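Undergrad: Give me the fold of what follows.
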Amino acid sequence: MTIIKDNKNLFTLEKNKAGAQRKMAAIFAADVVGYSKLMAQNEKLTLFRLKETRKTTDPIIENLGGRIFSTAGDSIMAEFASPVDAVEAAIEIQNKVTNTSSEINDGVIIEFRIGVNLGDIMVQDNNLYGDNVNIAARLEAISKPSEICISEKVYQEIKNKVNVNFNFIGTKKLKNISEKINVYSSNLTSIENNNFKKSFLNKKVLIGLLLMTTIFISIFFIYKYFSSDKITYNQSNF
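TA: Prediction:
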């Protein structure tokens, strides 16, 4: 076997600093909805709001063990060792960003689409490459505003482990991806519904406790009232 040492175009996957290495990772991809339109509307305010939003998104990703490896323009690409952590980050980001946006009335509202995929990827120079990275980006692209789209591989790992339900929305042909992908989605409406259900349940419990307390107090006073009306007879009365 002849080794060509002088061929600079020879590509090798050597496990060293210069070569690419493979590993499994959950890939998180987020993008601002209508970013170009927002920039055309008001560049300075849009850029300011994006930077303020990143003060929320980036710590969430880091606190859940994620590493941001790309932030081109309005997009965020991050890797996680755990798909559960990746989805938890997506849920928390969508929840907090939407709550913040509800307080804005100047028309420049930041909304995210998010996609999450799990699979084998290549790592070189602290950047990530491969089909599974591209799939995460394509899942983000088909998401609706405030929605999270995940692949079936992610769904199998996170079902019953996060507090948001993901529904199967079909087998999708994603742009420039050779095989069709089974896609599951959940949007902020699901998050709000879960919070509403919890809030409603807490209110029912509180109302039930108040009602029971009222009944017991009423019984006590009724008992005291009728007890005080009884006449006790003894020998001194005659």
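Undergrad: C-alpha only now, for contacts and for neighbours.
TA: Fine.
Undergrad: Assign a three-state SS to the most centrally placed residue in the chain, would you?
TA: When the chain is reduced to its mean C-alpha position, the nearest residue by Cα atoms, centre = their mean turns out to be Ile91, at 1.4 Å. Classification of Ile91 using DSSP: H, G, I helix; E, B strand; the rest coil returns helix.
Undergrad: Now do it against Gly170, distance only.
TA: Separation of Ile91 from Gly170 (Cα to Cα, to the nearest Å): 21 Å.
Undergrad: Ok, Ile93 next?
TA: 25 Å.
Undergrad: show me what contacts Ile181?
TA: 151-152, 171-174 (Cα atoms under 8 Å, 6 or more residues apart in numbering).
Undergrad: Quick one, which of these are buried?
TA: Among the contacts of Ile181, those scoring as buried are 151-152, 174 (criterion: 16 or more other Cα atoms under 10 Å).
Undergrad: Adding pLDDT and secondary structure, write those out as TSV.
TA: Below are those laid out as TSV (pLDDT from 0 to 100; DSSP: H, G, I helix; E, B strand; the rest coil):
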residue	pLDDT	secondary structure
Ser151	97	strand
Glu152	97	helix
Leu174	93	coil
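Undergrad: Bridged to Asn127, which residues?
TA: Judged by DSSP bridges, the bridge partners of Asn127 are Gln124.
Undergrad: Show the low-confidence segments of this structure, by residue range.
TA: 1-18, 187-205, 220-221, 223-238 (pLDDT under 70).
Undergrad: Run through the strands of it in chain order.
TA: Taking DSSP state E as the criterion, the chain carries its strands at 21-32, 67-70, 76-80, 112-124, 127-129, 147-151, 167-172, 181-187.
Undergrad: List the buried residues in the longest one.
TA: Put plainly, it is strand 112-124. Applying 16+ other Cα under 10 Å to strand 112-124 flags 112-119, 121-122 as buried.
Undergrad: what angle sits between it and strand 76-80?
TA: 60 degrees (axes from the mean of the first three to the mean of the last three Cα atoms, to 10 degrees).
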